[in-house]
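K.L.:
test case, fold it:
(chains A and B)
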There are 2 protein chains.
Amino acid sequence: MILHSRILNHLRNRSLSLTSTVYIQHYVEPFRQYSFYKEQYVKRKSNSYVKYAVYIAITTSILGLCYYTFYKRVHALIEKPISCGEFRADLKTYNLEEVGKHYNKENGIWVTFKQGVYDITDFIEKHPGGSSKIMMAAGSSIEPFWSIFANHKTKEIYELLESMRIGNISEDDVISNVINEKDPYLKEPKRHKILKINGQKPFCAEPPPSLLIENFITPTELFYVRNHLPVPEIDLKSYNLELAVEEVTKKSFKFEDIKKYPKYTITSTVMCAGNRRSEMTQVKHLKGVSWSVGAVSNATWTGARLYDILKDLGINEDNYNHVQFEGYDLDPSGIPYGASVPISKAMDPRADIILAYEMNGQPIPRDHGFPIRVIVPGVVGARNVKWLAKIIVSKEESPSQWQQGDYKVFSPNTDWDTVDFSKAPAIQEMPVISAICKPEQSEIIKVIDGKINVKGYAWSGGGRKITRVDVTNDRGKTWHVADLIAEDNNAKEGRYWSWTLWSIDLPVKKKSKEIEIWAKAVDTSYNVQPESVENIWNLRGFLCNAYHRVKVKLEH
Amino acid sequence: MILHSRILNHLRNRSLSLTSTVYIQHYVEPFRQYSFYKEQYVKRKSNSYVKYAVYIAITTSILGLCYYTFYKRVHALIEKPISCGEFRADLKTYNLEEVGKHYNKENGIWVTFKQGVYDITDFIEKHPGGSSKIMMAAGSSIEPFWSIFANHKTKEIYELLESMRIGNISEDDVISNVINEKDPYLKEPKRHKILKINGQKPFCAEPPPSLLIENFITPTELFYVRNHLPVPEIDLKSYNLELAVEEVTKKSFKFEDIKKYPKYTITSTVMCAGNRRSEMTQVKHLKGVSWSVGAVSNATWTGARLYDILKDLGINEDNYNHVQFEGYDLDPSGIPYGASVPISKAMDPRADIILAYEMNGQPIPRDHGFPIRVIVPGVVGARNVKWLAKIIVSKEESPSQWQQGDYKVFSPNTDWDTVDFSKAPAIQEMPVISAICKPEQSEIIKVIDGKINVKGYAWSGGGRKITRVDVTNDRGKTWHVADLIAEDNNAKEGRYWSWTLWSIDLPVKKKSKEIEIWAKAVDTSYNVQPESVENIWNLRGFLCNAYHRVKVKLEH
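P.N.:
Predicted coordinates for the structure are as follows:
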């Protein structure tokens, strides 16, 4: 240090004007100093005192420069994920009362996370889960919501949150915030280990593709699971299903009351709107559960027809527009999962909507909606509300975030800055889709008699039957028609709720070592799948029904 | 000739072995001769007699070669179309009784045309109009059928027929064949001159694209016309509509009886399955009316509901599968135009099937089915039977050729050798489609403020509403969402029978001189159009609903 200050004094003595900017001080100065001292060194070669002083000065300057340059990045990389929500001495400390005043756009929207206070006003509209969902935490702690939607607990999201940091709360306030908070996922049911888990909290899992198409009726334990909240614990004895018209409760059913209605069984496929999202995210990154081809399964469902129940109530469908469903699964603010379907569907006996209490001949297991799940065949899984708590006949669509601010599809160029969820209809009936389940991507296949076996499923919403599946391995130059090996032969015209399984012994060229297989299905309305994911890409990654493409290696 | 034979003798004397094949004689020989004579000529330069002989020989040989080579083609081009059906002395003459015995596969299937007798046994299955249709002429004259289906009167088809020639009939038999035959199209109604005629007999015509989308409701005179047979002449006073269950007539309605039923008005688009076929034929040639984008129109239809009529009759839909319709338009063998729809649709009040006696508030004109046309909204035009004569409730689909042997779609690689019409379902509900009507292909457009206006229609079958139309001019890199400028605001949920008109001021790049505009529509089931015509190509050229693409030139 003495040496260093001496050199600096020396420099001052030489009347070198030190510019005031940090840039000059750190970047230019060392080199100017270096030149000067080199000159000095050459001049006074014999003076080793000065020589060492020069080296030390240069080294010190460079180290300072490096530290200054990389400090922020290193800090961000190493410290930020850890420090998200930690006390920051450079920021003001607020009390919870002050935070609580910031719950709307006028005052600004604040939330807390651990000891951090965040102004998320500008982020609200960009929230991938929808603005109404994030607004539930306005003016309070975001933590109980993140316990439910645990997919938020990533480095990326911690960093994003910390970038909106404006202050602290005291340690005492943190304690009062976390009081009574416990993991709402402690009492989840046990699941079959073969399911591929795409999300733990809420639980989302799919069966492996090759197993999926082994059975026309998916074994219950292998049926894909898409929960939106923790699985509720329901005691059958105290189970209650409420039936309301607008705000007014008209009836209350015990479980046994539902069983008194005529018993119907339908076979229906249920598919998640996000099925095959993993392909869409490859085109352009998007958030959401990264499903492969297995967010779909087929089961028999037994229960009472919604039509019979609503008819009993004497509902005139011309006076209402929607039938809403609420589940017993609640978010941290006590709002249930919800969805609705058009009343024209709810009151159409041909729509076969079932309040199902049996799945594949057995009581519905907890993961699939025990004790009652509404099955709206031909309609996206999200409207097949599990753990059914309430049915509301209404002029309005369900106010649920999952109905109005999610499960909608937009044009490929609509992004989070331009999206307006009120402009697109909620997904109801689903479009025609197919998938190749066997072989899987990158599999090595033995060619037998110039052919390989390819298998998959195809399905269309709205009761439209699959009439044809075309398969190619030369990019559409030659299309081969697959055999439809399993379909619902008992289904009535226009009420084909089940998927169709298909198989083909696909001829391959003699010397080809790698092929790409494409499949496309056609339904009774002669709707076909679109060719490429690019042109149907949408910011929520829904309804990825482009040709399914699988590359495999061949062994001759 | 004397010279020529002398030269040949000379050659023989030189022991040149003439090979026996024609090829050598005509192609190689002249050149060999030429070399030889050139040599001779050089040797005996003074002998002008030989010189001229050489030239003459060469010229003669070349002329002979040309004649031989082109004879067949020239003959085919000039003579065949004229001679189709003319007496051929080289063939046997049969009497009509002998011809009449050949009406099935066992005996072979023969038909006559003018004086010609033709064995069409092997052609039956390849007949683009279906085997059952051509079988009606088996063992007799094809001529009255070709008077109805006048599209057969082309050089191509005359040649095809003549290639199956096996004999003659006498001139007297020809006279007895044509007796009573007159043009069945003499009493067709007058049509608006602006309609673009795609076929005269039967009459098929469409309005120009830019005019088509000027009105949400197509003016009746501009409504596209797709007739399958001559327009029948019907006297309202004697009009009779029969209602049968299987073979048994249950009721007979006068026109006034139908008017006594409650009066319903719906707005419904009607579209021909062949709409936009002209694009499909560019991919690979196919037969059929070459429609542009105008085989579609939208009108209001007023009449009695089929549901009310069938309900009156006490039909239990579980006992039947189909409701068939027959028109008053007859083919030469007396078989009416026919089609059917599933009974689940016929007996569904939500399906809005109307026995319409008014079109756009006026009695339906002759070209559109006077006095009654059944309107099956959301379903292909071919099932919207005109000049309704009979309704049959049945276990069976309509036996009509147009139901069972036509209006079906197959995989792109299915051809006339492999097609099996029983394997595909009859087209009923139609898939989502759109078209750009303004600008039209190759139009020159003035760019205003960096934009051009693009307009068109979109529609989907089955009551599915159009929810979005995306337009691009950079091959899908940027999709712009069009404004939906006209749609049926009174339609009930799931019963959007009308098309949607759309418009967009499409931004174009500053310096681009030519662009290709693409349009694709999305319906409430989120079905989208496929990208390319190639992958939906089918041998009858139906349901061409790929992205519509229009190239235009820009003026800045």
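K.L.:
for the rest of this, base every contact and every neighbour count on C-alpha atoms.
P.N.:
Noted.
K.L.:
each with direction, which strands does whichever strand or helix holds A:Ile197 pair with?
P.N.:
A:Ile197 is located in strand A:196-199, with elements delineated by DSSP states H and E. With DSSP bridges as the test, strand A:196-199 is paired with strand A:204-206 (antiparallel).
K.L.:
need the contact list for the residue in chain A that chain B sits nearest to.
P.N.:
Of all residues in chain A, A:Pro530 sits closest to chain B, at 4.2 Å by CA to the nearest CA. By CA atoms under 8 Å, 6 or more residues apart in numbering or on different chains, the contact set of A:Pro530 is A:Asn545, A:Ala546, A:Tyr547, B:Val528, B:Gln529, B:Pro530, B:Glu531.
K.L.:
can you confirm A:Leu211 is in a helix?
P.N.:
Yes - A:Leu211: assigned to a helix according to DSSP: H, G, I helix; E, B strand; the rest coil.
K.L.:
check the gap between it and A:Ile217 for me.
P.N.:
Distance of A:Leu211 to A:Ile217, given as CA to CA, to the nearest Å: 12 Å.
K.L.:
which of the two has more neighbours?
P.N.:
Legend: neighbour count by other CA atoms under 10 Å in any protein chain shown for A:Leu211 and A:Ile217, higher for A:Ile217 (20 against 14).
K.L.:
does the more buried one count as helix, strand or coil?
P.N.:
A:Ile217 - assigned by three-state DSSP - is coil.
K.L.:
any idea of the pLDDT on it?
P.N.:
Confidence at A:Ile217, expressed as pLDDT, is 97.
K.L.:
try A:His10
P.N.:
Reported pLDDT for A:His10: 48.
K.L.:
now do the one 5 residues further on
P.N.:
Per-residue confidence at A:Ser15 stands at 40 (pLDDT).
K.L.:
any chance of the backbone angles for the residue of chain A closest to chain B?
P.N.:
phi -70, psi 160 (degrees, to the nearest 10).
K.L.:
residues contacting the residue nearest to A:Ser278 when sequence neighbours are not counted?
P.N.:
In space, and not counting its chain neighbours, A:Ser278 is closest to A:Ser290: 4.9 Å by CA to CA, 6 or more residues apart in numbering or on different chains. Contacts here follow CA under 8 Å, 6+ apart; on that basis A:Ser290 touches A:Asn198, A:Gly274, A:Arg276, A:Arg277, A:Ser278, A:Thr281.
K.L.:
just curious, which of these is nearest to B:Leu286?
P.N.:
A:Arg276 (36.4 Å; CA to CA).
K.L.:
correct me if wrong: that closest one contacts A:Val289.
P.N.:
No - judged on CA atoms under 8 Å, A:Arg276 makes no contact with A:Val289 at a distance of 9.9 Å.
K.L.:
on that earlier part again, what's the distance between the residue of chain A closest to chain B and A:His548?
P.N.:
A:Pro530 is 10 Å from A:His548, by CA to CA.
K.L.:
same check, this time on A:Leu236
P.N.:
42 Å.
K.L.:
comparing those two, which residue is more hemmed in?
P.N.:
A:His548 (26 against 12).
K.L.:
residues in a beta bridge with the more buried one, which ones?
P.N.:
Counting by DSSP bridges, A:His548 is bridged to A:Ala519.
K.L.:
check contacts around it.
P.N.:
Counting by CA under 8 Å, 6+ apart, A:His548 touches A:Ser434, A:Ala435, A:Ile436, A:Ile517, A:Trp518, A:Ala519, A:Lys520.
K.L.:
secondary structure element for the third one?
P.N.:
Per DSSP H and E, A:Ile436 falls inside strand A:433-438.
K.L.:
any part of that strand near chain B?
P.N.:
No - residues of strand A:433-438 are not located near chain B by CA under 8 Å from any CA of the partner chain, the shortest gap being 9.7 Å.
K.L.:
in the helix or strand following that strand, what's buried?
P.N.:
Going down the chain from strand A:433-438, the next helix or strand is strand A:444-446, by DSSP H and E. Across strand A:444-446, burial judged by 16 or more other CA atoms under 10 Å in any protein chain shown covers A:Ile445.
K.L.:
list the contacts of strand A:444-446.
P.N.:
A:Pro439, A:Ile452, A:Val552, A:Lys553, A:Leu554, A:Glu555, A:His556.
K.L.:
how about 6 Å then?
P.N.:
Residues from elsewhere that reach strand A:444-446 (CA atoms under 6 Å, 6 or more residues apart in numbering or on different chains): A:Val552, A:Lys553, A:Leu554, A:Glu555.
K.L.:
could you list which of the residues you listed belong to strands?
P.N.:
A:Val552, A:Lys553, A:Leu554, A:Glu555 (DSSP state E).
K.L.:
now, which of these sits nearest B:Lys423?
P.N.:
Closest to B:Lys423, out of all of the ones in strands among the contacts of strand A:444-446 and judged by CA to CA, is A:Val552, at 30.7 Å.
K.L.:
what sits against that closest one?
P.N.:
Shown in contact with A:Val552 (CA under 6 Å, 6+ apart): A:Gln441, A:Ser442, A:Glu443, A:Ile444, A:Glu514, A:Ile515.
K.L.:
PyMOL command for the buried members of the ones in strands among the contacts of strand A:444-446?
P.N.:
Here is the PyMOL command that selects only those of the ones in strands among the contacts of strand A:444-446 that count as buried (16+ other CA under 10 Å):
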select buried, chain A and resi 552+553+554
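K.L.:
in three-state terms, label A:Pro189 for me.
P.N.:
Assignment for A:Pro189 (three-state DSSP): coil.
K.L.:
tally of neighbours for A:Glu256?
P.N.:
12.
K.L.:
the residue nearest to A:Glu440 when sequence neighbours are not counted: how many residues sit nearby?
P.N.:
Closest residue in space to A:Glu440, ignoring its immediate chain neighbours: A:Val550 at 6.6 Å, by CA to CA, 6+ apart. Using other CA under 10 Å, A:Val550 has 20 other residues around it.
K.L.:
got the angle for whatever helix or strand A:Val550 lives in vs strand A:433-438?
P.N.:
Here A:Val550 sits within strand A:548-555, counting by DSSP H and E. Orientation note: strand A:548-555 sits at an angle of 20 degrees relative to strand A:433-438 (axes from the mean of the first three to the mean of the last three CA atoms, to 10 degrees).
K.L.:
then strand A:548-555 to CSV, C-alphas only?
P.N.:
C-alpha atoms of strand A:548-555 as CSV (Å, rounded to 0.1, in the frame of the first residue of the first chain):
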residue,chain,number,x,y,z
HIS,A,548,-47.0,-35.9,-35.9
ARG,A,549,-43.5,-36.6,-37.0
VAL,A,550,-41.1,-39.2,-35.6
LYS,A,551,-37.5,-39.9,-36.8
VAL,A,552,-36.3,-43.5,-36.5
LYS,A,553,-33.2,-45.4,-37.5
LEU,A,554,-33.6,-48.6,-39.5
GLU,A,555,-31.8,-51.9,-39.2
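K.L.:
okay, A:Arg276 and A:Val289: which has more neighbours?
P.N.:
A:Arg276 (25 against 19).
K.L.:
what residues does chain A have near chain B?
P.N.:
A:Asn413, A:Glu429, A:Met430, A:Pro431, A:Trp479, A:Ser525, A:Tyr526, A:Asn527, A:Pro530 (CA under 6 Å from any CA of the partner chain).
K.L.:
between which two of those is the distance greatest?
P.N.:
Top of the distance list for the residues of chain A next to chain B (CA to CA): A:Asn413 and A:Trp479, 31.6 Å.
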